[in-house]
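# Sequence plus the predicted model coming up.
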Amino acid sequence: MKLIIDVGYQNNKAKVVGGFFEDWNANQLLKLAYKEVDEVQEYIPGEFYKIELPKIVK
């Protein structure tokens, strides 16, 4: 199983979204998971581990 994750920001909130696929050639999404996070800090390029990674872990 494969998982693709992204974090989007809007109005001082973040939404973490994950799409689950059987494999990279799959045409269908098996499951979609998401979580809204209120704790949004200023984005700092190159510091993924400080800003986005904690949201993904939640």
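Yes, it's here.

# buried set for the helix or strand bottoming out on mean pLDDT in the chain?
Ranked by mean pLDDT, DSSP states H and E, the weakest helix or strand in the chain is helix 48-51, scoring a mean of 78. Using 16 or more other Cβ atoms under 10 Å as the test for burial, helix 48-51 gives residue 51. Placement of C-beta: from N, CA and C, glycine included.

# same thing with stretch 37-56?
Going by neighbour count (16+ other Cβ under 10 Å), the buried part of stretch 37-56 is 51-52, 55.

# mind listing the strands for this structure?
2-10, 13-21, 31-37 (DSSP state E).

# most packed of those?
Most buried of these, by mean neighbour count (mean count of other Cβ atoms under 10 Å): strand 13-21, with a mean of 15.

# Ok, which of the strands of the chain comes nearest residue 46?
strand 2-10 (15.3 Å; Cβ to Cβ).

# what angle separates that closest one from strand 31-37?
Between strand 2-10 and strand 31-37, the angle comes out at 30 degrees (axes from the mean of the first three to the mean of the last three Cα atoms, to 10 degrees).

# helices and strands around strand 2-10, which ones?
strand 13-21, helix 53-57 (3 or more Cβ pairs under 8 Å, 6 or more residues apart in numbering; DSSP states H and E).

# Any chance you could list what contacts it?
14-24, 26, 40, 43, 52, 55-56 (Cβ atoms under 8 Å, 6 or more residues apart in numbering).
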